[in-house]
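In: I'd like to go over a predicted model; first the sequence, then the structure.
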Protein chains: 2
Amino acid sequence: MNEPLAPDMFDELCPSALSPIRFGDKWAGMIIRCLEHGPRRFSELRIPLRGITAKVLTQSLRGLERDGLISRTAYDEAVQRVEYELTPLGRSLLGPMAVACAWAERHWEELLDAREAYETPASGFGRAG
Amino acid sequence: MNEPLAPDMFDELCPSALSPIRFGDKWAGMIIRCLEHGPRRFSELRIPLRGITAKVLTQSLRGLERDGLISRTAYDEAVQRVEYELTPLGRSLLGPMAVACAWAERHWEELLDAREAYETPASGFGRAG
DNA sequence: CGGGATCCTTCTGGATACTG
DNA sequence: CAGTATCCAGAAGGATCCCG
């Protein structure tokens, strides 16, 4: 149905790293993006969320489930299978997230500059006045 | 110039308490809202941010300054006076914040229902199946 | 008034090992 | 496979005292 998730979906160079806008906990926003195009399995989610431990992923998923943003479905098959999917409420967050992403991409340079300027206070002009 | 900030500006009943969307750290979003209509003094900010300690407010303000979202101006008068103000970059965040607030207000009921449903798993129907 | 310094508690995220 | 149980480190937030 939906293609595999790219392992480098959340690169280090991603502007979201600098964005002050956060959705839920550290991983929630990324998880929601992963579910954007359809349900995903637990182990499928671990791929783009590189290095996340099972415990932390479980925690984050439970939080999202608690807030009604995703639903969890366990299939009783030979090999255990669990799928997570966005609820309508969760899907309604995609709008605000797109706004946040657009903001971050748009102001990415300014954010970088601001940090750099803040960390180099000695450059001829100071706060004196 | 601008009217005093209402002490109950951030009520406990505020939908933002349930919203998964966060701007910066715990206080950053509220600080930005406080600066929306013009510069504010340190002690002025402490009023709506009820119970915040000086240290934490300072920390949060420094973080916002570091990210280029606000500017700090110290006036060398008899009584010490420091004002914080939104930069253009900081002001550009008001759009995404309005989107976030609209989302939270719109889905406030759903969020409440989801939490309640999650905390009362025993109600006849379960996840069985 | 607007902080800084210090100490303390809580929360978040993670490493590791184990399980149905 | 999809977790749970334990233990642990670091960061965030806060209380308290002090200062120019």
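Out: Sure thing, it's come through.
In: chain B contacts on chain A?
Out: Within chain A, the positions adjacent to chain B are A:20-24, A:28, A:65-69, A:72, A:74, A:89, A:92-93, A:95-96, A:99-100, A:103, A:107, A:110-111, A:113-115, A:117-119, A:127, A:129 by C-beta under 8 Å from any C-beta of the partner chain. C-betas here are computed from N, CA, C, even on glycine.
In: just give me the neighbour total for the closest residue to residue A:18 other than its chain neighbours.
Out: Leaving aside its chain neighbours, residue A:18 sits nearest to residue A:111 (4.6 Å; criterion: C-beta to C-beta, 6 or more residues apart in numbering or on different chains). Using other C-beta atoms under 10 Å in any protein chain shown, residue A:111 has 20 neighbouring residues.
In: say whether DNA strand C is contacted by the helix or strand harbouring residue A:111.
Out: Following DSSP states H and E, one finds residue A:111 within helix A:94-119. No - judged by C-beta under 7 Å from any atom of the strand, helix A:94-119 makes no contact with DNA strand C; its nearest approach is 13.4 Å.
In: does that helix reach DNA strand D?
Out: No - looking at helix A:94-119 against DNA strand D by C-beta under 7 Å from any atom of the strand, there are no contacts, and the closest approach is 14.2 Å.
In: is it true that residue A:114 touches residue B:70?
Out: No - using C-beta atoms under 8 Å as the test, residue A:114 is too far from residue B:70 to be in contact (10.4 Å).
In: between the two, which one's more packed in?
Out: A direct count of neighbours by other C-beta under 10 Å for residue A:114 and residue B:70 places residue B:70 higher, at 26 against 21.
In: excluding chain neighbours, give the residue nearest to that one in space.
Out: Residue B:70 sits nearest to residue B:64 (C-beta to C-beta, 6+ apart), 4.5 Å away.
In: okay, now the one you found: neighbour count?
Out: For residue B:64, the count of nearby residues is 28 (other C-beta under 10 Å).
In: which secondary structure element contains it?
Out: Residue B:64 belongs to helix B:54-66, assigned by DSSP H and E.
In: residues in contact with that helix: which ones?
Out: With C-beta atoms under 8 Å, 6 or more residues apart in numbering or on different chains as the contact definition, helix B:54-66 has outside contacts at A:114-115, A:118-119, B:24-28, B:31-32, B:42, B:45-46, B:49, B:70-72, B:84, B:90.
In: repeat that for 6 Å
Out: For helix B:54-66, the external contacting residues (C-beta atoms under 6 Å, 6 or more residues apart in numbering or on different chains) are A:118, B:25, B:27, B:28, B:70, B:72.
In: list the buried residues in that helix.
Out: B:57, B:60, B:61, B:63, B:64, B:65 (16 or more other C-beta atoms under 10 Å in any protein chain shown).
In: can you list the strands that the next helix or strand after it pairs with?
Out: Downstream of helix B:54-66, the first helix or strand assigned by DSSP H and E is strand B:70-75. Using DSSP bridges, the strands paired with strand B:70-75 are strand B:81-86 (antiparallel).
In: the strand it pairs with near DNA strand C at all?
Out: Yes - using C-beta under 7 Å from any atom of the strand, strand B:81-86 reaches DNA strand C at B:81, B:82.
In: stretch A:26-37 now?
Out: Yes - counting by C-beta under 7 Å from any atom of the strand, DNA strand C has neighbours in stretch A:26-37: A:26, A:27.
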